[in-house]
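Asks: structure, please.
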Amino acid sequence: MIKKSNKGAFSKEEEINIVQKIAQRDALAFAAFYDHHSKTVFSFLSQLLKNRGESEDTLQETFWQVWRQAAGYEQTAGTPTVWVLTIAQTLGLNRLKHIAIFRQNDASVEETSRPKGLDFKGHSVIELHLLANLEQVAPPPSVRTNLLNAMEQEKSITPRLPFAPPAKRKSWIVRFPWLMAIGWALAGIFGAIVFGNINADWQAAVGQDEEIVSLHRTVSEKEEAILSLRLSLSEKEDALALIEARNTVSVTLAGNSFSPKALGKIFWNPERNAGLFFAFDLPLPPNGKIYQLWANQKESKVDAGVFSFLEETGSFKIKPIPNPTEAILFFTVTIEPPFGSSEPTGEIVLKGEGGRS
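Replies: Numbers count the residues shown, from 1 in each chain. Take a look at the predicted model:
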C-alpha cells in the first residue's frame with residue numbers, strides 16, 4: 001500500500017520505493033506516481049509546447065517511458081521528480097524540433113510567429129527549478145485511463161522465441177574429474193583438437209546469445225508499436241462515435257476581417273457533455289496571445305478550451321461545460337492572453353450559430 005507523509009507529499013525515500021515497485025510492474029504504484037506528478041509535468045509541458053493537444057500526447061509518452069524504464073532508474077540521475085521531468089523535457093524538445101523542421105520548410109510562416117520562450121535549436125528557457133512558479137494545469141482524466149488500459153493490454157502480449165535458449169555445456173573435466181590425469185597425459189596429442197572444439201562451441205553459444213538478445217529487442221519494439229497503434233485507434237474510434245452519436249449537433253463557424261478565409265466546425269453532444277472542434281485556414285494568433293473557444297448560453301459565456309495550433313489546421317476536444325442541458329445559442333472564438341481568460345476580452349475571429357448546419 002502506498003502511503004504519503006503527513007504533509008500530503010512523498011518523501012525522497014518513498015518516491016524511490018515507488019519507482020522500485022513500478023520496476024516490478026506494480027500498477028498501483030504507477031497510478032500513485034502518476035497522480036502525484038502528472039499535474040506538475042503537464043503544467044511544464046503546457047508552458048513548453050504552447051499546445052494542449054501536443055502537451056497531452058507528450059504527457060502520455062512521458063509516463064509510458066516511466067512504466068517501461070523504471071528498472072533503469074538510478075539515484076545518481078536525481079530524485080524521481082527530477083527524473084520524470086527530465087524525460088518530459090527530452091520528449092517535449094524532440095517534439096518541438098520536429099515541428100520546427102516542418103515549419104522551416106513552409107515559406108509562408110514568418111520567424112516572428114514562433115512562440116516566445118523557446119529556442120528551436122534544442123534548448124528551453126524553462127528550467128526545472130522554476131517549476132514552482134508555473135501556473136498549475138490539470139491533465140485530462142483520459143490520459144490516465146489510456147495508460148492504465150495500455151498496461152493491461154501489455155500483459156496479454158507474450159514474446160515467443162523461434163527456439164529455446166542454448167543449454168550450457170559442461171566440460172568433460174568438470175563432469176569426470178578422474179579424466180584430468182588422462183587429460184594431462186594426452187594433452188600433447190589431443191590439445192589442439194580439444195581447444196578447437198571448445199572454441200567452436202563457445203563461438204556458437206555466443207552467436208546464439210546475440211541472436212536471442214536481438215530477438216528480445218525486436219519483440220519489445222513490436223510491442224511498443226502495437227500499443228501505440230492501439231492508443232491512437234482508440235482515440236479515433238472515440239471521436240467517430242461522438243460525431244455519429246444521436247443528438248450530436250454540428251455547428252459551422254465563419255471568420256471575420258481578421259481571418260476571412262478561416263472556418264471552424266464543431267460537433268457537440270449535450271447528453272455526453274463532450275465535443276470536438278476543428279479549425280481550417282485559421283492564422284496563427286499574435287505573439288503572446290492564444291485562441292479561446294466560448295459556448296454562449298442565454299445567461300453566461302462558458303470557457304470551452306484554449307488552443308494555439310502551430311499549423312493553420314488543427315483540432316482539440318472541447319472542455320465539459322457546467323450546465324450542458326442549457327441550450328447553446330452560438331459558439332465564438334476570441335483572441336485572449338496566454339492560458340485564456342475567465343470571460344471574453346479579445347476580438348472575435350470565428351462565430352457560428354447553434355443548431356445543426
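Asks: show me what contacts residue 332?
Replies: Going by C-beta atoms under 8 Å, 6 or more residues apart in numbering, residue 332 touches 253, 293, 294, 296, 344, 348, 350, 351, 352. For every residue, glycine as well, the C-beta is placed using N, CA and C.
Asks: from those residues, which is closest to residue 142?
Replies: Comparing the contacts of residue 332 against residue 142 with C-beta to C-beta picks out residue 293 as the nearest, at 18.3 Å.
Asks: that closest one touches residue 336, doesn't it?
Replies: No. With contact defined as C-beta atoms under 8 Å, residue 293 and residue 336 do not form a contacting pair (10.2 Å).
Asks: between the two, what contacts are shared?
Replies: Between them, residue 293 and residue 336 have residue 306 as joint contacts when contacts are counted by C-beta under 8 Å, 6+ apart.
Asks: in CSV, list the contacts of residue 332 along with pLDDT.
Replies: Formatted as CSV, the contacts of residue 332 follow (pLDDT from 0 to 100):
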residue, pLDDT
253, 90
293, 91
294, 91
296, 92
344, 93
348, 91
350, 89
351, 91
352, 91
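Asks: from the residues you listed, pick the one nearest residue 151.
Replies: Distance from residue 151 was checked for each of the contacts of residue 332 by C-beta to C-beta. The minimum falls on residue 293, at 32.8 Å.
Asks: relative to the helix or strand that closest one falls within, what are the paired strands and their orientations?
Replies: When elements are defined using DSSP states H and E, residue 293 is found to belong to strand 290-297. According to DSSP bridges, the neighbouring strands of strand 290-297, each with its direction, are strand 301-307 (antiparallel), strand 328-336 (antiparallel).
Asks: indicate which one of those is closest to residue 25.
Replies: Each of these was scored for nearness to residue 25 using C-beta to C-beta, and the closest is strand 301-307 (35.5 Å).
Asks: check which residues of that closest one are buried.
Replies: Under the neighbour-count criterion of 16 or more other C-beta atoms under 10 Å, strand 301-307 has 302, 303, 304, 305, 306, 307 buried.
Asks: hey, what's the last one bridged with?
Replies: On the basis of DSSP bridges, residue 307 takes part in beta bridges with residue 291.
Asks: just put the strands paired with strand 290-297 in JSON lines and tack on distance to residue 37 and mean pLDDT.
Replies: Converted to JSON lines, these look like this (distance: least, C-beta to C-beta, whole Å; pLDDT from 0 to 100):
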{"stretch": "strand 301-307", "distance to residue 37": "23", "mean pLDDT": "89"}
{"stretch": "strand 328-336", "distance to residue 37": "29", "mean pLDDT": "90"}
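Asks: having no further points to raise, I will conclude here.
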